[in-house]
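In: What follows is a predicted protein model with its sequence.
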Amino acid sequence: MTNKKQQTVFIVDDDEIDRSMLAEHLSKYPDLQIKEFSNGEYVLRNLLLQEEIEHPDIILLDYLIDSNISIYADGLEILKKLKGIFPEITVIMLSRVKNEKIIQYAKKNG
């Protein structure tokens with residue numbers, strides 16, 4: 001029997017219902033450990049200050065997210081900060097916004 005390494009997924013979404021639904025769906029996979037964050041600052045702070053935690057394998061990051069950094073910070077700004085500090089972490093952007101410029105910016109920034 002092969003022991004699979006448990007994968008860690010951080011869900012970052014300010015919408016509690018969306019975040020909970022995604023976490024509930026992913027919880028069906030026993031090899032996933034899920035941690036939820038209501039905004040990008042919390043996930044950044046957690047990664048920077050909590051040295052004893054293992055970095056996630058994947059971060060699911062909402063594009064339209066409430067931010068305390070500034071009124072202009074959104075999921076793309078959080079993406080840029082995350083990839084600047086932790087380039088090895090895979091980030092998947094989630095959005096209902098259909099805007100090619102946003103998609104290209106997200107791809108360009110990791």
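Out: Structure received. Numbering: from 1, shown residues only.
In: For the host helix or strand of Lys80, which helices and strands make contact with it?
Out: In this assignment (DSSP states H and E), Lys80 forms part of helix 75-85. Here helix 75-85 touches helix 40-49, strand 58-62, strand 90-94, helix 100-108, going by 3 or more C-beta pairs under 8 Å, 6 or more residues apart in numbering; DSSP states H and E. Glycine gets a C-beta too; all of them are placed from N, C-alpha and C.
In: Tell me the helices and strands packed up against the first one.
Out: What that stands for is helix 40-49. On a contact count with 3+ C-beta pairs under 8 Å, 6+ apart, helix 40-49 meets strand 7-12, strand 58-62, helix 75-85.
In: now the last one against strand 58-62, angle please.
Out: When axes from the mean of the first three to the mean of the last three C-alpha atoms, to 10 degrees is applied, the directions of helix 75-85 and strand 58-62 differ by 150 degrees.
In: I'd like the average pLDDT over helix 75-85.
Out: For helix 75-85, the mean pLDDT works out to 87.
In: okay, that helix in PDB with CA atoms only?
Out: Backbone C-alpha positions of helix 75-85 (Å, rounded to 0.1, in the frame of the first residue of the first chain) are rendered in PDB as follows:
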ATOM      1  CA  GLY A  75      -7.300  39.100  -5.900                       C
ATOM      2  CA  LEU A  76      -4.800  40.100  -8.600                       C
ATOM      3  CA  GLU A  77      -2.800  42.300  -6.200                       C
ATOM      4  CA  ILE A  78      -2.800  39.400  -3.700                       C
ATOM      5  CA  LEU A  79      -1.700  37.100  -6.400                       C
ATOM      6  CA  LYS A  80       1.200  39.400  -7.300                       C
ATOM      7  CA  LYS A  81       2.300  39.600  -3.600                       C
ATOM      8  CA  LEU A  82       1.900  35.800  -3.100                       C
ATOM      9  CA  LYS A  83       4.000  34.900  -6.100                       C
ATOM     10  CA  GLY A  84       6.600  37.600  -5.300                       C
ATOM     11  CA  ILE A  85       7.200  36.000  -1.900                       C
END
